[in-house]
Each structure stands twice: as C-alpha cells, then as structure tokens.
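Undergrad: starting from these lines, generate the structure:
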Amino acid sequence: MAKKTGVRYVCGSCGAASSTWTGRCLTCGEWNTLTEEVDISTLSAKSSGRQLKIESVISAARSRLPRIKTGLADVDEVLGGGLVAGSVNLLAGQPGIGKSTILLQVAYNAAKAHRVLYVSGEESARQVGMRAQRLGAQHKSLQLAVSGVANDIASTISAGDFDVVVVDSVQAVAVNELPAAAGSVSQITGSTQLLSAAAKATNTALILVGHVTKEGSIAGPKVLEHIVDVVLQLEGDRYGGFKILRASKNRYGATTEAGIFEMTESGMKPVDNPSEALLAERQLSDGSIVHATMEGSRPLLVEVQALVNPTSYGYPKRTASGIDLNRVNLLIAMLERRTKLKLADRDIYVNIVGGIRLTEPAADLAICMAIASAAKGMQLKKNAVVFGEVGLSGEIRHVPFLEKRLAEAKKLGFEAAIGPSVRSGGKPAFLMSVNNIRTALNTFLEKD
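TA: This is a model prediction of the structure:
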C-alpha cells in the first residue's frame, strides 16, 4: 500500500508506529491491529502553528485558584488538599472496587459549592440515577450526561459551564476523527489529549476513570499516565475488607498519603480507626503476629498470619496473600540459613488480614516471627507489635516513622513493641530492641 503524506499506522496492541500499513504488526506480531493516524511530525510549523501567548511566571502564580474540596477528608489528603482547577486526574482500579461509587460521592459533595457534570460512557442515565438515589447523592447543581463521543464531551467542557467534570470512563469514549474502536491505544491517547486540552483551557477539574488489565496495570498506553496530572489507584478486595486510595503520581502534592475506606450500603465511608477494626476479631494463637505498618503518613496495625504444615508432595508449597511471594521466599531461605528452623519440607502459607497489602520492608520481622511461631507452635511472650527490616545475614535494620508506630501501639493497648535498635537518642521504654532474627525468636517466643 502506498504511503500517504502526513499519515502513520499505529498498532492498537503495542503502540508501535509504522509508515506503511501491513496486516501484521512487525513489533508484537498481532494481526489486523494497525490503525491510521495523522503524523504530527510531518506538519509544517509555519503553516499550521501560531505564535504563543506569553506571560510571566509571577502573574501565572498570582492567578492560582483555590482547591475544590471533595467532601471526603481522606480523598482531599491524597490529592494534596483537594482538586486543582484545570487538573486532569485519573482514577483506576479493579472492576467492582468502587470507582464509580466514590466518584459519584465526590461529584455530589463538590456540587454543593460548584457546578459539576458527571458524564457516563458505560451506563445509562437511569443506572447512574439509581446509584445516586441509593447513595443519597442528588443535588440540583450535579448534572448528568451520557455520551461516548470525546468530541462532544470536550465541546461541553470548552463552554466553561462546569467547574468539575467526571468522565466514566476514558476507555469507553472515542474521537470521531480516529477510525479505531473505543478502548484502543490510539483512542485512549486521543481522547485523553482532547479532553485534557479542553479542561486546561477552561480551568475545569477533570476526573477520568481508568480500567486495569488482568495484571493490575492501567489499561492503555503508558503515555496515558504521563498526560494526566494525578494518577490515583483504588486497591483492595472488591468482595470485602478495606479499600485503599493511593496516588502513584501527583503534580500538586505528595504521593506518600493513603486514604482507607470501607464499602457500605450508603457508599464508601472513611475508616476512622482502621487498626481497631482490623484487630477486632483476632484470636491469640501460634502464627499470629501484629505488625505496625505505615499507609502513607498514618500508622496502621495489621495481623500477619502464618500456617506451617508438613508437605504432602515432593516440593513444598509456598502461598502468600497481601504480600509479595518472592519476598516471603527470600525470608524463608534466610530463616533456614540463620536459625535452626527446618522449613524445606514444610508447606508455608502467609496471609495479611483485612485485604491490606504490605509493601514496605518493615514487615520482614513480623513475617519471620509469624512463620517461626507457626512452625514451632509458639506465641509471643508479651502482647506486643512487631516491625523491622531483616537482612540476608539475619540482622534487624532501622525503619522510618518509629514514633508513630509506637504511638499507635500504645493507643490500642499493647504492652510493648519489638523492633530494631534506635540509631541516635534515648531508646523509648516501650520499645524492646533486637539486633538479629535469632535473638528475636529465642527471646520473645514461648510455648503456648
């Protein structure tokens, strides 16, 4: 096929570009995935461009608008204080996790002081209205539209009639000029760029809902996360437990904060004391250790459970829920090498209660003590929380936010905390320091 001037062909599967159309993508090998796009690099700057409007940085800073509050304190904290006018925010999460629910609540709360439009590309107006009625999210300033055409949505935003616009979802809308189907790489990129340009030109806070793949990453090209200003992830078990809102990218605030929510009949509710709720049904037994973790800047006490059984197969089974399995296997190998535990012929199961996922290395000591406790049928001598990073030599390493972890443990009535030694200053009386994993197991575990 002859090459057209100013046109390129982009693969809808991998995003690779080609100057000519072929039935099969030469990069990923997929068939019939190439779609036609305008090649911007071939356009003449003199013929299509215009001189930019220039202003000083000082005048741009003075024109800053106040943030838009969402009515949910945890969401505002994750955003860095609320929605920024003209910002483009992407919220992603598993199907059924509660993305549409929490955004309808945010839209309703923002509508009390601002003009808000909720655009649904996946559901009918009646479906959205039924959810709003169930959540009690009905307000005269909250408007609803149903459309899957990005051009129409961008035109509505450009009119400047709304302060906040929610689009559910970016994978369900398409640009008229692109022949590809909605949800393809070119349509996701084109729709996001079109909507973003309209939002920034009118200082409209735009919230896009994003789908995720079966691996858990945001569906579409990686450039989608670069285009937007804020990337939010709603994590957790969609069938129960807590839902955690995190920001993996935030141009207007920190990415260390986290909001913890619980799904109820009236929508997503912030959890005031998640540590107490997570430990409410805990039973004292071997293999149960309470770990003091950090979700953003807030401390959280979670129960780490371990179960160790003789294997019935030639190769022992290792399963982990709520923590990286590779990290668990590394800690098991360290325990066999640095202690007298024999785990090569044992099936080991590790579970983090409440749907919480631990990612920080401070959980190492709690996991090791839970596995050792289950393997030997022993329990902690004291009602204590445990935290600390464990090295391959068995040493216990320092972790940040020591004071916050200790304060949360005291508030929940624990007698002590087991953790690494303090680097500088006086050691808190509440903290029982350990230097290596072998000392920790011999000192603090006893027979039931």
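Undergrad: those helices in the stretch 151-300 of the chain, which residues are they?
TA: 185-201, 223-227, 274-278 (DSSP state H, counting those that start in this stretch).
Undergrad: most packed of those helices?
TA: helix 185-201 (a mean of 22; mean count of other C-beta atoms under 10 Å). All C-beta atoms are positioned from the backbone trio N, CA, C, and that covers glycine.
Undergrad: contacts for that helix?
TA: With contacts defined as C-beta atoms under 8 Å, 6 or more residues apart in numbering, helix 185-201 is touched by 10-15, 35, 37, 86-88, 150-151, 153-155, 157-158, 165, 167, 170-171, 173-175, 177-178, 180-181, 204-206, 208, 219-221, 223-224, 227-228.
Undergrad: from those, which would you call buried?
TA: Buried residues within the contacts of helix 185-201, counting neighbours by 16 or more other C-beta atoms under 10 Å: 10-13, 15, 35, 37, 86-88, 150-151, 153-154, 157, 165, 167, 170-171, 173-175, 178, 180, 204-206, 208, 219-221, 224, 227-228.
Undergrad: so how far does stretch 232-243 reach from one end to the other?
TA: For stretch 232-243, the separation between the terminal residues is 13 Å (C-alpha to C-alpha, to the nearest Å).
Undergrad: could I get the average pLDDT for it?
TA: Model confidence over stretch 232-243 averages 84 on the pLDDT scale.
Undergrad: would you mark the buried spots in that stretch?
TA: Buried, per 16+ other C-beta under 10 Å, within stretch 232-243: 232-238, 241-243.
Undergrad: try stretch 64-75
TA: Counting neighbours by 16+ other C-beta under 10 Å, stretch 64-75 gives 67-72, 74-75 as buried.
Undergrad: next one, pLDDT for the nearest residue to Leu245 once chain neighbours are set aside please.
TA: Leaving aside its sequence neighbours, Leu245 sits nearest to Gly259 (C-beta to C-beta, 6 or more residues apart in numbering; 4.0 Å). Looking at Gly259, its pLDDT stands at 90.
Undergrad: verify the stated contact: Gly259 with Leu91.
TA: No - contact between Gly259 and Leu91 fails when scored by C-beta atoms under 8 Å: they sit 11.9 Å apart.
Undergrad: ok, the residue nearest to Leu245 to Ala429 distance?
TA: 33 Å (C-beta to C-beta, to the nearest Å).
Undergrad: more neighbours: which of these two?
TA: Gly259 (26 against 7; other C-beta atoms under 10 Å).
Undergrad: contacts only, for the more buried one.
TA: Counted by C-beta under 8 Å, 6+ apart, Gly259 has contacts 72, 74-75, 77-78, 244-246, 270.
Undergrad: just give me the longest strand of this structure.
TA: Secondary structure of the chain per DSSP state E: the longest strand is strand 298-310.
Undergrad: avg pLDDT for it?
TA: pLDDT averaged over strand 298-310 gives 94.
Undergrad: buried residues in that strand, which are they?
TA: 298-308.
Undergrad: what residue ranges in the stretch 101-250 of the chain score low on pLDDT?
TA: Under the criterion pLDDT under 70, no range of the stretch 101-250 of the chain is flagged.
Undergrad: returning to that earlier point: can you list the strands that the longest strand of the chain pairs with?
TA: strand 288-295 (antiparallel), strand 346-352 (antiparallel) (DSSP bridges).
Undergrad: domain parsing for the protein?
TA: 1-64, 65-272, 276-447 (automatic domain parsing).
Undergrad: partners of the closest residue to Ile102 other than its chain neighbours in the sheet?
TA: Leaving aside its sequence neighbours, Ile102 sits nearest to Met268 (C-beta to C-beta, 6+ apart; 4.6 Å). When assigned by DSSP bridges, Met268 has beta-bridge partners Met263.
Undergrad: list the contacts for Met268?
TA: Applying C-beta under 8 Å, 6+ apart, the residues near Met268 are 72, 98, 101-102, 105, 243, 261-262.
Undergrad: arrange the residues you listed in CSV, one row each, with distance to Ile289 as further columns.
TA: CSV is the format used below for the contacts of Met268 (distance: C-beta to C-beta, whole Å):
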residue, distance to Ile289
Leu72, 32
Gly98, 30
Thr101, 34
Ile102, 32
Gln105, 36
Lys243, 24
Phe261, 26
Glu262, 24
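Undergrad: closest one of the residues you listed to Val128?
TA: Thr101 (11.1 Å; C-beta to C-beta).
Undergrad: the stretch 1-150 of the chain: helices as residue ranges?
TA: Using DSSP H, counting those that start in this stretch, helices in the stretch 1-150 of the chain cover 45-48, 57-62, 73-79, 99-110, 125-135, 150-158.
Undergrad: closest to Ala366 out of the ones you listed?
TA: Nearest of these (C-beta to C-beta): helix 73-79, 25.2 Å.
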